[in-house]
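Novice: Model the structure of this input:
(chains A and B)
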Amino acid sequence: AQRVTQPEKLLSVFKGAPVELKCNYSYSGSPELFWYVQYSRQRLQLLLRHISRESIKGFTADLNKGETSFHLKKPFAQEEDSAMYYCAPQDTGANSKLTFGKGITLSVRP
Amino acid sequence: NAGVTQTPKFQVLKTGQSMTLQCAQDMNHEYMSWYRQDPGMGLRLIHYSVGAGITDQGEVPNGYNVSRSTTEDFPLRLLSAAPSQTSVYFCASSYDSGTGELFFGEGSRLTVL
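Specialist: Coordinates of the predicted model:
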């Protein structure tokens, strides 16, 4: 069965510390992978996608096909990064649904 | 450009009552979907639609109905509300089902007593 796992519910770090939000997936084939973010009192929004290989707000995500992981990383956390983060794999092909992990709350303390 | 608009933002129901959560988008998106967000459960897909006249079930469809008579609107109906349906509901749309970039509404917080 297709499955996505975010093993931690909460990560609390100090400002300037590195951040790694973990995501593991179990999918047949090669899914496309996304990270979504929900800041306080804002809409859920796309943060970045694997296929574009971009860095958004200092975050990057490396796809490791061998470990089937797509961890989100940032070298120096900022207070404004505090939010809920969701990993979301999607099957390729027509009518493919996006599946969300359970999410992790990142808290960055001053 | 309003994007995805959900109404109401808050609602309290009694067990057994019915209601409809409204969702409208003005981006001419073909794909629309409803999720519920519960603590510790993440976002779970209730129903989705790949175009007007076409709907399908997601992961947790029981107790909910949808229809898609126009491209713009995708209402979610609770037929007989139960306390287990207390949740935050999100409507989302995208250009098509394959892009993966969903645009979300602000959410509707529903409490069933």
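Novice: near chain A, which residues of chain B show up?
Specialist: Among all residues of chain B, those adjacent to chain A (criterion: C-beta under 8 Å from any C-beta of the partner chain) are B:33, B:35, B:40-45, B:48, B:50, B:56, B:58, B:90, B:92, B:97-98, B:100-102, B:104-107. C-betas here are computed from N, CA, C, even on glycine.
Novice: of those residues, buried ones?
Specialist: B:33, B:35, B:42-45, B:48, B:50, B:58, B:90, B:92, B:97-98, B:100, B:102, B:104-107 (16 or more other C-beta atoms under 10 Å in any protein chain shown).
Novice: Show me what the longest strand that chain B contains is packed up against.
Specialist: As assigned by DSSP state E, the longest strand anywhere in chain B is strand B:42-51. The elements that strand B:42-51 packs onto, with contact taken as 3 or more C-beta pairs under 8 Å, 6 or more residues apart in numbering or on different chains; DSSP states H and E, are strand B:31-38, strand B:54-57, strand B:64-66.
Novice: so residue A:59 touches residue A:36, yeah?
Specialist: No - contact between residue A:59 and residue A:36 fails when scored by C-beta atoms under 8 Å: they sit 11.8 Å apart.
Novice: Overlap in contacts, those two.
Specialist: Shared contacts of residue A:59 and residue A:36, defined by C-beta atoms under 8 Å, 6 or more residues apart in numbering or on different chains, are found at residue A:47.
Novice: okay, the two: which has more neighbours?
Specialist: When residue A:59 and residue A:36 are compared for neighbours, residue A:36 comes out ahead with 26 against 20, by other C-beta atoms under 10 Å in any protein chain shown.
Novice: Cheers, nothing more for now.
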